[in-house]
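Novice: Output the structure for:
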Amino acid sequence: MTHSAEAKHQSKAFSKVKRTTVPKVRLYVERPEEKPWLVHVGHVTDRGRWRTEPHAHPAYGQVIFVRSGRGVMNLEGSSVPFEGPCALLLPTECVHGLDYDDDVDRWVVTIEVAYLAQVNAKLREFIALWASPRMIPLSYSAEAGMEFYNLINSLKHEVESDAVGHVVGAEALLTTLLLRLVRETRLDETGNEGAIRNDIRQVDRFRKLIEQHFRENLSLQDYASMMAVSLVQLRAACASAAEQSPTKMIHARIITEAKRNLIFGDMSVEQIAFGLGFVDAAYFTRFFRREVGQAPSQFRVAARQQAPSQSPVAAAGR
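Specialist: Purely as a prediction, here's the structure:
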């Protein structure tokens with residue numbers, strides 16, 4: 001992909017144009033007047049149909065435990081049906097909307113992103129678990145949903161407690177909850193533990209750098225230099241831990257952002273192209289068509305026709 005400094009100058013021409021994109025929702029638990037928090041557990045008891053439009057959380061990961069009931073999740077523009085008991089895992093910046101049917105009993109575990117990274121460092125599978133959003137069924141046995149419910153209840157009690165050791169207790173319960181999800185998604189495969197763990201850490205670091213710089217057209221050597229590894233090491237780590245080439249990972253992040261803007265925003269294709277660092281819309285269109293199989297304008301029309309209808313956000317983060 002060829003970007004240039006010209007793109008930065010061209011994009012300034014659009015800086016005064018009003019752009020509508022995915023809302024970044026700051027959760028109700030983030031209030032400066034209250035004490036700092038790392039984990040929040042909320043039980044949503046509202047009855048009746050509940051629908052939120054697509055949004056993202058800029059600094060939190062979430063696990064939504066649907067104890068009973070069903071609905072549809074709008075995940076990055078695609079419809080994902082779910083039925084309790086199940087868990088909806090939503091990484092930071094994941095674009096999602098939720099349409100619950102009547103009387104859905106749900107619990108929302110919200111985790112501050114820096115704290116989540118700290119917990120994830122305990123086990124390589126935790127990093128893999130949060131690499132992408134997912135719906136995790138818990139309906140294979142009558143006990144599975146009840147066990148998860150009891151675990152979340154215990155976590156809620158510990159988070160809200162002032163008893164000695166409550167911080168340690170909450171972290172232990174959160175770790176247990178994530179471990180349960182890892183096992184439910186069959187992410188506990190064995191192998192060369194030390195090498196695989198290092199590869200996953202490298203890829204996790206690479207993903208964070210992509211998140212920071214994907215609009216800047218950095219070369220793979222630029223990324224490798226920032227990580228203090230060789231190109232060979234970077235390619236090997238991505239092949240092992242992500243089963244993708246590093247170039248494909250960068251392209252995938254650009255495509256994800258482009259799709260979000262096309263589905264949820266009102267920017268023109270040209271504005272989106274310049275916002276992603278492309279020299280012109282024609283090159284962006286060729287790139288998008290090669291990766292997706294459709295031109296951006298065709299994708300926008302098809303995606304909006306398929307997407308479920310949305311209503312204003314009923315409650316942030318739920």
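Novice: alpha carbons only for contacts and neighbour counts from here, please
Specialist: Noted.
Novice: Identify the residues contacting the residue nearest to residue 136 when sequence neighbours are not counted.
Specialist: Spatial nearest neighbour of residue 136, chain neighbours left out: residue 87 (5.0 Å); criterion: CA to CA, 6 or more residues apart in numbering. Contact analysis of residue 87 by CA atoms under 8 Å, 6 or more residues apart in numbering lists 63, 64, 65, 66, 135, 136, 137, 138.
Novice: Likewise for residue 81?
Specialist: Contacts of residue 81 (CA under 8 Å, 6+ apart): 70, 71, 72, 73.
Novice: Most neighbours among these, please name it.
Specialist: Highest neighbour count within the contacts of residue 81: residue 73, with 23 neighbours (other CA atoms under 10 Å).
Novice: That one should be in a strand, yeah?
Specialist: Yes. Counting by DSSP: H, G, I helix; E, B strand; the rest coil, residue 73 is found in a strand.
Novice: before we move on, the earlier item: in a strand, the residue nearest to residue 136, correct?
Specialist: Yes. Counting by three-state DSSP, residue 87 is located in a strand.
Novice: Show me what it is bridged to.
Specialist: Per DSSP bridges, the residues bridged to residue 87 are residue 65, residue 136.
Novice: Throw the contacts of residue 87 into JSON lines and include neighbour count, thanks.
Specialist: JSON lines is the format used below for the contacts of residue 87 (neighbours: other CA atoms under 10 Å):
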{"residue": "63", "neighbour count": "22"}
{"residue": "64", "neighbour count": "21"}
{"residue": "65", "neighbour count": "25"}
{"residue": "66", "neighbour count": "25"}
{"residue": "135", "neighbour count": "19"}
{"residue": "136", "neighbour count": "19"}
{"residue": "137", "neighbour count": "19"}
{"residue": "138", "neighbour count": "23"}
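Novice: got the residues you listed as CSV, with distance to residue 285 columns?
Specialist: Shown next, in CSV, are those (distance: CA to CA, whole Å):
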residue, distance to residue 285
63, 36
64, 36
65, 39
66, 40
135, 32
136, 35
137, 38
138, 41
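Novice: which among those gets closest to residue 303?
Specialist: residue 135 (20.9 Å; CA to CA).
Novice: wait, doesn't the closest one sit right on residue 82?
Specialist: Yes. Using CA atoms under 8 Å, residue 135 is in contact with residue 82, at 7.2 Å.
Novice: so where is the stretch 1-150 of the chain shaky, pLDDT-wise?
Specialist: 1-36, 45-49 (pLDDT under 70).
Novice: show me where it has helices.
Specialist: 5-12, 113-120, 124-129, 142-159 (DSSP state H, counting those that start in this stretch).
Novice: same thing with the stretch 201-318 of the chain?
Specialist: Using DSSP H, counting those that start in this stretch, helices in the stretch 201-318 of the chain cover 220-227, 231-241, 246-264, 269-275, 281-292, 296-306.
Novice: quick one: contacts of the fifth one?
Specialist: Counting by CA under 8 Å, 6+ apart, helix 281-292 makes contact with 1, 255, 269, 270, 273, 274, 278, 294, 295, 296, all of which sit outside it.
Novice: and what of the third one?
Specialist: Residues from elsewhere that reach helix 246-264 (CA under 8 Å, 6+ apart): 20-22, 54, 76-77, 95, 207, 210-211, 214-215, 220, 234-235, 238, 267, 269, 272, 276, 288, 291, 296-297, 299-300, 303-304.
Novice: just to revisit the earlier point, ok, and which of the helices of the stretch 1-150 of the chain has the densest surroundings?
Specialist: Of the helices of the stretch 1-150 of the chain, the one with the most neighbours on average (mean count of other CA atoms under 10 Å) is helix 124-129, at a mean of 20.
Novice: Quick one: distance of that helix to the chain centre.
Specialist: When distances are taken as CA atoms, centre = their mean, to the nearest Å, helix 124-129 is centred 14 Å away from the chain's centroid.
Novice: Could you pull up the residues touching residue 200?
Specialist: 124, 127, 128, 237, 241, 242 are the contacts of residue 200 under CA under 8 Å, 6+ apart.
Novice: Then residue 297?
Specialist: 262, 269.
Novice: okay, it: pLDDT?
Specialist: On pLDDT, residue 297 comes in at 94.
Novice: For residue 88, see how far away it is.
Specialist: 31 Å (CA to CA, to the nearest Å).
Novice: now swap in residue 293 and tell me
Specialist: Counting by CA to CA, the gap from residue 293 to residue 88 is 29 Å.
Novice: Compare neighbour counts for those two and give me the winner.
Specialist: Applying other CA under 10 Å to residue 293 and residue 88 shows that residue 88 carries more neighbours, namely 18 against 12.
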